[in-house]
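Colleague: take this sequence and fold it.
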Amino acid sequence: MFTNRYYVDKITGTAADTLLAFGLTAMLERIIPESAGDLNLQIEDVGDSYCISLKTPIREEWITSVTFFSQLNALDTATKKTDLPDAIDYVEHQTRKNAYSDARQKGLSANILAEQGLTPPHVDWPCWALINQMSATNGYNTLATNWHIHRPCFGELLLLVLKTFQQRPNDYEGAEEQWKALTKQYGINVKAQAPQLQVVNPGMGKGGNKSKANGLGISGLDGFWVVEYLKFVGLFHAAVPRIVRGSKDRKTYVLRPKSLVWRTHRRIFPEFQQALYAQTAVKMDILATLRYCKVFLEQWKAGNATGMFRINRGQPGDHIAALEAIHYKHLGSAHATINLSSLVLPLWLLTVTTVENANQFLELLAEHETIIRNLGRDKKTQQETGIEYELLREYRNFLSGRDLRAFYQFTATYAGYVMNKLIAGGFPPRRFHISNLEVLIVNQNPNLAPILRNPGFRRIAEAIRNSTVNPQYHKSKGNPGPYEIRYGLGADLLRNASYPDKFAQALGKFIFDYNQENARVSERYKGEPPVRRKSVRTGDLEQVLALIDEYRDSETVANLLVAFGYASDPRSRTHDANQIEPLVDEASDEDFENTTASDDDEGDE
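Modeller: Residues are numbered from 1 along each chain as shown. Model (predicted):
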């Protein structure tokens, strides 16, 4: 009956299935003795189920000789106590978290915090807070107790679990019947069914759930307690719960594996947990995706360079297919699931084979993260409003949908946003670097490379830059140049983008006016203008029009021109405001505090 492959059926199509797969994998890891070496434990999505595999089958002697282990620690709160060993003192950890957060808000350094004996919250604190705040403590503690009660027949319990998941489909009913016979043999008095709590079953909730329509009652669904136990185990190995900034809503991000090597996951996941801070709902979705990719590439780069940790395939999307996002709405006395979504990892992060590749993608990710983080929010409500919220939605659509058209929409809106911010003064928003734009677009669609590398395209994009963001930046710093700032240029080009003839006319008019202005300024300053601009040649326009004819797509060419025209050119440091802005903002004390804010209540049970 022992095998090297176990399967978890995708019954619900939600994160509940994923958590169960992670929980089973964590259990298998505990069964394997250290003397067995690396058995290449991994989880793979095989369509209708997750397959957990090892190089060699589980051995009978591993089960018969295994020492009892518990994978869940009960929570002792102010009003709920258990008699289980190794129970977590929730109040003590809450006090520790509050003291550390208060000190962080006062701006104390890490050294001073350490001297005062203040340490960051336990890595499992967000999960403990989630369980308590969502009124799941009783149910969670019951599962931990059930597992503990099976110490006299622990080996038999493990065998039952292994047998259940080596069959396809998983026979939960048969497993429950075998378990009942086992408990009768050992005199164990435990209920077979346990509530399917929303913490680990986001698609479940209270309602009319009777199998026979003979009445109406408001209640939740139940499931075999062993299965529910493993889902909670998976919560601690695959989920990152966070508070939504500016509210008491919650979001939980669950990694959905594609072909995930367990040892890889065990190195990356703790770093990811520490890298994700609380933000507003849409911004946090974006940053969760970008930061997982960032942590993955940093780990790959470090391992590849040292030889201590090497991942064969250096592409996040080969290991994790997506982040499953669960949004829980705070209803005053309880939380309810209001949205389930999947955040697919970026397609433009191709397989990394060298440290240079990794550095290139890390720079790109850092730039995108900075742009997203710096989209402002209302200080009172802590929520983005107006154009900032629209920009976040457009960017999330691009990340999740893998569609460059959504990215073009974002860059078009962002161009207007940058100009408005420059007009208003203050610190300028970071713009995309043209080199990073090229990496993203070409990796997403290699067929567009000839457009981006066309000399005429580059010179016209530079002309757009010299007519919009560059002169506006210098004007905002009290150093207006001699040239007109064309505020509506990007919008005007995109308005005509769907019609090749109209777009050609609009582009031709801009180039005519641009060259004519260059001549006037040169004449006014007797050939020595304070700022020089290269004129656009007739051949440049002809090259761009030829690209439109070749691709039969004026919209794509127009969108690319605007994206590159409003981007920054790292080769032009004297004219580019972006060179003085730090590439990545560090997490603020406010970010840290909001990671676990609003979890001070005892819960609603």
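Colleague: name the element residue 339 belongs to?
Modeller: Assigned by DSSP states H and E, residue 339 falls within strand 335-344.
Colleague: got it, and residue 132?
Modeller: Residue 132 is located in helix 125-133, with elements delineated by DSSP H and E.
Colleague: hmm, who's touching the next helix or strand after that helix?
Modeller: Proceeding N to C from helix 125-133, the next assigned helix or strand is helix 137-149, under DSSP H and E. If you take CB atoms under 8 Å, 6 or more residues apart in numbering as the criterion, helix 137-149 is touched by 70-75, 77, 80, 82, 84, 131, 188, 190, 194-195, 197, 199, 225, 228-229, 232, 603, 605. Just so you know, the C-beta spots here come from the backbone N, C-alpha and C atoms, and that holds for glycine as well.
Colleague: mark which of the residues you listed are buried, thanks.
Modeller: 71-75, 77, 80, 82, 84, 131, 188, 194-195, 197, 199, 225, 228-229, 232, 603 (16 or more other CB atoms under 10 Å).
Colleague: next, count neighbours for residue 81.
Modeller: Other residues near residue 81 number 12, with proximity taken as other CB atoms under 10 Å.
Colleague: tell me the confidence at it?
Modeller: For residue 81, the pLDDT comes out at 92.
Colleague: then residue 38?
Modeller: pLDDT, residue 38: 89.
Colleague: any idea how far it lies from residue 53?
Modeller: Remark: distance between residue 38 and residue 53 (CB to CB, to the nearest Å) = 13 Å.
Colleague: quick one: which of the two has more around it?
Modeller: Neighbour totals were compared for residue 38 and residue 53, and residue 53 leads with 18 against 11 (other CB under 10 Å).
Colleague: now intersect the contacts of helix 137-149 with the strands, please.
Modeller: Among these, the members found in strands (DSSP state E) are 75, 194, 195.
Colleague: can you list the residues you listed in CSV and add distance to residue 112 and pLDDT?
Modeller: Supplementary listing: the ones in strands among the contacts of helix 137-149 in CSV, determined by distance: CB to CB, whole Å; pLDDT from 0 to 100:
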residue, distance to residue 112, pLDDT
75, 31, 97
194, 46, 97
195, 45, 96
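Colleague: among these, which one sits closest to residue 531?
Modeller: residue 75 (65.4 Å; CB to CB).
Colleague: got any ranges where the stretch 101-250 of the chain has weak pLDDT?
Modeller: Counting by pLDDT under 70, the ranges of the stretch 101-250 of the chain that qualify are 205-219.
Colleague: let's see 50
Modeller: 208 (pLDDT under 50).
Colleague: where along the stretch 251-400 of the chain do the strands fall?
Modeller: For the stretch 251-400 of the chain, strands defined by DSSP state E, counting those that start in this stretch occupy the ranges 259-261, 320-330, 335-344.
Colleague: in a markdown table: those, plus mean neighbour count, mean pLDDT and distance to residue 477.
Modeller: Listed next are the strands of the stretch 251-400 of the chain as a markdown table, based on neighbours: other CB atoms under 10 Å; pLDDT from 0 to 100; distance: least, CB to CB, whole Å:
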| stretch | mean neighbour count | mean pLDDT | distance to residue 477 |
| --- | --- | --- | --- |
| strand 259-261 | 20 | 94 | 49 |
| strand 320-330 | 21 | 95 | 40 |
| strand 335-344 | 15 | 93 | 38 |
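Colleague: these: which one's closest to residue 280?
Modeller: Closest approach to residue 280 among the strands of the stretch 251-400 of the chain (CB to CB): strand 320-330, 11.8 Å.
Colleague: partners of the closest one, with directions?
Modeller: According to DSSP bridges, strand 320-330 has the following sheet partners: strand 250-257 (antiparallel), strand 335-344 (antiparallel).
Colleague: can you pull the buried residues of the shortest one?
Modeller: Put plainly, it is strand 250-257. Counting neighbours by 16+ other CB under 10 Å, one finds that the buried residues in strand 250-257 are 250, 251, 252, 253, 254, 255, 256, 257.
Colleague: one more: stretch 52-66?
Modeller: Within stretch 52-66, the residues that count as buried by 16+ other CB under 10 Å are 52, 53, 54, 58, 62, 63.
Colleague: which of the residues you listed fall within strands?
Modeller: Those of the buried residues of stretch 52-66 mapping onto strands are 52, 53, per DSSP E.
Colleague: domain boundaries for the chain, per the record?
Modeller: As assigned by automatic domain parsing, the chain contains the domains 1-206+218-374, 420-584.
Colleague: TSV for those, including distance to residue 399?
Modeller: Shown next, in TSV, are these (distance: least, CB to CB, whole Å):
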stretch	distance to residue 399
domain 1-206+218-374	6
domain 420-584	11
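Colleague: of these, which is nearest residue 400?
Modeller: Among the domains of the chain, domain 1-206+218-374 comes nearest to residue 400, with 5.5 Å by CB to CB.
Colleague: redo the strands paired with strand 320-330 as a markdown table? Include distance to residue 545.
Modeller: Converted to a markdown table, the strands paired with strand 320-330 look like this (distance: least, CB to CB, whole Å):
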| stretch | distance to residue 545 |
| --- | --- |
| strand 250-257 | 45 |
| strand 335-344 | 36 |
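Colleague: just tell me which of these ends up closest to residue 470.
Modeller: Between residue 470 and these, the tightest spacing by CB to CB is seen for strand 335-344, at 34.8 Å.
Colleague: what angle do helix 125-133 and the closest one make with each other?
Modeller: On the basis of axes from the mean of the first three to the mean of the last three CA atoms, to 10 degrees, strand 335-344 is oriented at 150 degrees to helix 125-133.
Colleague: gap between strand 335-344 and the chain center?
Modeller: Here the centre of strand 335-344 is set off from its chain's centre by 13 Å, with CA atoms, centre = their mean, to the nearest Å.
Colleague: re earlier: now distance to residue 153 too, for the strands of the stretch 251-400 of the chain, in a markdown table please.
Modeller: Compiled in a markdown table, these are given as follows (distance: least, CB to CB, whole Å):
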| stretch | distance to residue 153 |
| --- | --- |
| strand 259-261 | 32 |
| strand 320-330 | 35 |
| strand 335-344 | 36 |
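Colleague: show me where pLDDT drops low in the stretch 451-600 of the chain?
Modeller: Judged by pLDDT under 50, the stretches of the stretch 451-600 of the chain that qualify are 573-594, 596-598.
Colleague: helices of the stretch 251-400 of the chain, start to end?
Modeller: Here the stretch 251-400 of the chain has its helices, by DSSP state H, counting those that start in this stretch, at 262-275, 281-306, 316-319, 355-373, 387-401.
Colleague: which other helices and strands does the last one contact?
Modeller: In this structure, helix 387-401 makes packing contacts with helix 281-306, strand 335-344, helix 404-424, judged by 3 or more CB pairs under 8 Å, 6 or more residues apart in numbering; DSSP states H and E.
Colleague: return the closest of the ones in strands among the contacts of helix 137-149 with respect to residue 495.
Modeller: Distance ranking of the ones in strands among the contacts of helix 137-149 against residue 495, using CB to CB, places residue 195 first at 56.1 Å.
Colleague: ok, what's across the strand from that closest one?
Modeller: Beta-bridge pairing for residue 195 (DSSP bridges): residue 222.
Colleague: what's near enough to touch it?
Modeller: By CB under 8 Å, 6+ apart, the contact set of residue 195 is 139, 220, 221, 222, 228.
Colleague: can you redo the residues you listed as CSV with distance to residue 349?
Modeller: CSV is the format used below for the contacts of residue 195 (distance: CB to CB, whole Å):
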residue, distance to residue 349
139, 39
220, 40
221, 39
222, 42
228, 35
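Colleague: that's all I had, so thanks and see you.
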